[in-house]
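A.B. asks: Give me a 3D structure for the following:
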Amino acid sequence: MTAQPLPDKNPEQNLNDALRRADILQRVMATISSGLELDPLLSNILESAVSLIEATHGTIGLVVERNGKQAVRTVAVHNMPDEELGAEMQPGTGLAGKVLLTKQTVRLDRYGDLELPTLQNLVEHSVIGVPILWGEKMIGFFGIGIEAPRRFNDHDVETLEFFAQYAAVAIHNANLFRASQHSLDEMHLLYKTSQRIGLSDNVDGVIDAYLDQVATGGEYICNICLYEFDEFQQRTAVLIKGRWTPEDGSSRMEERVPYIQDNLDPILDRGETIVISDVRNDPRAPRSLREIQEDSGRWALVMIPLMVRGQRIGLVILSHQGVHEWAEDTLSPYRAVAAQLAIAIDHRMQQTLLQQRGQQLAVLEERQRLARELHDSVTQLIFSTTLIAQSITPAWRRDPQEGEKRVERLLELTQTALREMRSLLFELRSSEELQDKELPATLTGLERIRHYGVLGAIRLLAGDATENGIHINVEVDEAGAIYLGPKTGLRSGKEPVVEEGIYRIIQEALNNIIKHSHAQNISIKLQGNQPGMLRFSVVDDGVGFSSLPNKMEEAPDGSGLGMKTMRERAEAMGGSLSIASEPGQGTVIEGIVPFKEIRI
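C.D. replies: Sure thing, here's the model as predicted:
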């Protein structure tokens, strides 16, 4: 039996069809205006088209990008096999692929006449495939079919093309809405991440913020890697600093592996993201990378370069189990925040470098101070000792009592010089590592802190000063004892100088009191009961002094230089120091240092 097209209809039937057509189109327009989600909206348009044209089945698909190539992904079906929903057609495959390849309407009396039909049970059906266009760009596909012996005609093609225009409006509006929503979500993510990064005072905190805000809740393993550079700014090693996994969440790391240059470097150095769906078959992937990913079973990779001033300082690496087609909307948040991550990491690194240089400068200034102290105190004492020693014999010959006085004075000067030398030697000794079983009789400040904690080191310091006949009382509250004990330590925004800094300030205060104040009693207090703050004070009952001039180094007795150093130490730790004194009323030195957490 020869198949025939649909028979012509009489005028009354044509009128009824026109009214029915108008009713369906009106409902389609109302559906588009209703603001439904795209997939149900396209399903309604498909149902209306199939009903109006009296087709038996149909599909609507969207054009998607897959590894730089276009494909048609089916998003709505009518009377089709279940596996068709979500199926993707490459150019030239099936009716959708044929339309994608030609960008033209295709009408066939027999579906089996396609070069590559995909549904063998429909080979005898008549089909129409129409591109859904927005301007010159194909954004989707509209296809319908009808069982033999019926065939489609030109009027059916015109009707389906008309429905394709409505579908184009629906898809375009949905894309605009999705893009707007995506932009809002991205801005919200950038804002939240920026807040977290702003509160982070080091590189680890910045990485934590990125992983917590961007990677959390995703399906990918996310690694943050930074590079080590040599003096010629060549990469020497890769540091894996942080990782997020769906199973374990976020974690800090410090894995170091040698840096190996490969053919992916030029691409990454241009700031381009590398997307690999299957590392086993991607010709860009070097053999070493392919072997690593094959062993882990995570064949899909994305590498997002962290760029600062045209230089790649690290990578954000995403991986997925097996073969995976990466979608742009899922990668967008990682890429959008990566630029902010790179800038923040570089900023924190520059801050650390400045702090290190500041500490080096502080060491130089400290050495200069010690040199001045050595000249002004010990050298002068030795010179005076030499003069008195030279005068003892003549004085003894004239008057034994005078000679005895000079001997006593000589002993006093040598004892004072010894105390001065011991104090200076504490700071001039090298900071070599000490074994617990062989502790020398005299420890440097850092060695004392390492072995006894800050509190123990301060108590030893007070014990040294009591040898000068001064009574020293060290008071500490319960929180301070916990923070400053031998098994804990402070973490300040200026770490790791905080522990040594507190010790050095109190050491300098005691030295100044012993040398200048003629005090009999000293009180040292340490308080940690205020969250995030450590307060300390040193109070003496010595002679005191009047207010210092603006330039503290101009203090007449030389003590101002030491107090200037104490202030600089406190500020280097992010804290502050105040000094109050009146003649005859003693001196009060108070400091406050912030810290972030307790390390146990």
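
A.B. asks: alpha carbons only for contacts and neighbour counts from here, please
C.D. replies: Will do.

A.B. asks: got the contact list for whichever strand or helix holds L101?
C.D. replies: Per DSSP states H and E: L101 is located in helix 94-102. Outside helix 94-102, the residues that touch it by CA atoms under 8 Å, 6 or more residues apart in numbering are 61, 71-72, 89-92, 105-106, 111, 114-118, 129-131, 138, 141-143.

A.B. asks: Any quick PyMOL command for the buried ones out of these?
C.D. replies: In PyMOL, a selection of the buried entries from the contacts of helix 94-102 looks like this (16 or more other CA atoms under 10 Å):
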select buried, resi 61+71+72+89+90+91+92+105+106+111+117+129+130+131+138+141+142+143
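
A.B. asks: How many residues are close by the residue lying closest to E147 once chain neighbours are set aside?
C.D. replies: Leaving aside its sequence neighbours, E147 sits nearest to H125 (CA to CA, 6 or more residues apart in numbering; 4.8 Å). Residues lying near H125 (other CA atoms under 10 Å) number 21.

A.B. asks: residues in contact with H125?
C.D. replies: Counted by CA under 8 Å, 6+ apart, H125 has contacts 109-112, 145-148.

A.B. asks: repeat that with 10 Å
C.D. replies: Shown in contact with H125 (CA atoms under 10 Å, 6 or more residues apart in numbering): 56, 108-112, 144-152.

A.B. asks: List phi and psi for it.
C.D. replies: phi -80, psi 150 (degrees, to the nearest 10).

A.B. asks: And S537, by the same measure?
C.D. replies: phi -150, psi 150.

A.B. asks: and if you look at the one 4 residues further on?
C.D. replies: Torsion angles at D541 (phi, psi; degrees, to the nearest 10) stand at phi -110, psi 30.

A.B. asks: I figured it hits I472, correct?
C.D. replies: No. Contact criterion CA atoms under 10 Å: D541 and I472 do not qualify, at 11.1 Å.

A.B. asks: what do those two both touch?
C.D. replies: 520-523.

A.B. asks: Run the chain-centre distance for the strand or helix carrying T385.
C.D. replies: Using DSSP H and E, T385 maps to helix 380-398. Distance, stretch centre to chain centre, for helix 380-398: 68 Å (CA atoms, centre = their mean, to the nearest Å).

A.B. asks: Mind giving me the packing neighbours of it?
C.D. replies: If contacts are counted by 3 or more CA pairs under 10 Å, 6 or more residues apart in numbering; DSSP states H and E, helix 380-398 sits against helix 400-428.

A.B. asks: The helix it packs on: what's the following helix or strand?
C.D. replies: Criterion used, DSSP H and E; the element after helix 400-428 is helix 445-466.

A.B. asks: Can you add distance to A462 and secondary structure and give the shared contacts of D541 and I472 back as TSV?
C.D. replies: Formatted as TSV, the shared contacts of D541 and I472 follow (distance: CA to CA, whole Å; DSSP: H, G, I helix; E, B strand; the rest coil):
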residue	distance to A462	secondary structure
Q520	13	coil
N521	11	strand
I522	9	strand
S523	10	strand
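
A.B. asks: how close does A342 sit to T330?
C.D. replies: A342 is 20 Å from T330, where distance means CA to CA, to the nearest Å.

A.B. asks: More neighbours: these two, which one.
C.D. replies: A342 (22 against 12).

A.B. asks: Surely the more buried one touches G314?
C.D. replies: Yes. Taking CA under 10 Å as the definition, A342 is a contact partner of G314 at 7.9 Å.

A.B. asks: Now do the shared contacts for those two.
C.D. replies: 226, 305-308.

A.B. asks: Which one of these is nearest to A481?
C.D. replies: When these are ranked by distance to A481 (CA to CA), L226 comes first, at 37.8 Å.

A.B. asks: For the closest one, which three-state class applies?
C.D. replies: strand (DSSP: H, G, I helix; E, B strand; the rest coil).

A.B. asks: Name the nearest residue to it, ignoring sequence neighbours.
C.D. replies: G314 (4.1 Å).

A.B. asks: so the one you found sits in a strand?
C.D. replies: Yes. Counting by three-state DSSP, G314 is part of a strand.

A.B. asks: ok, what's across the strand from it?
C.D. replies: According to DSSP bridges, the residues that bridge with G314 are L226, L306.

A.B. asks: okay, and for the stretch 151-300 of the chain, where does confidence drop off?
C.D. replies: 182-183, 186, 190 (pLDDT under 70).

A.B. asks: again, 90 this time
C.D. replies: 155, 158-159, 162-163, 165-219, 229-233, 246-258, 260, 287-289, 291-296 (pLDDT under 90).

A.B. asks: the strands in it, which residues?
C.D. replies: 221-229, 235-245, 249-258, 274-276, 300-308 (DSSP state E, counting those that start in this stretch).

A.B. asks: I'd like these laid out as a markdown table, including mean neighbour count and distance to Q195.
C.D. replies: Output for the strands of the stretch 151-300 of the chain, formatted as a markdown table (neighbours: other CA atoms under 10 Å; distance: least, CA to CA, whole Å):
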| stretch | mean neighbour count | distance to Q195 |
| --- | --- | --- |
| strand 221-229 | 21 | 19 |
| strand 235-245 | 20 | 19 |
| strand 249-258 | 14 | 18 |
| strand 274-276 | 19 | 29 |
| strand 300-308 | 23 | 20 |
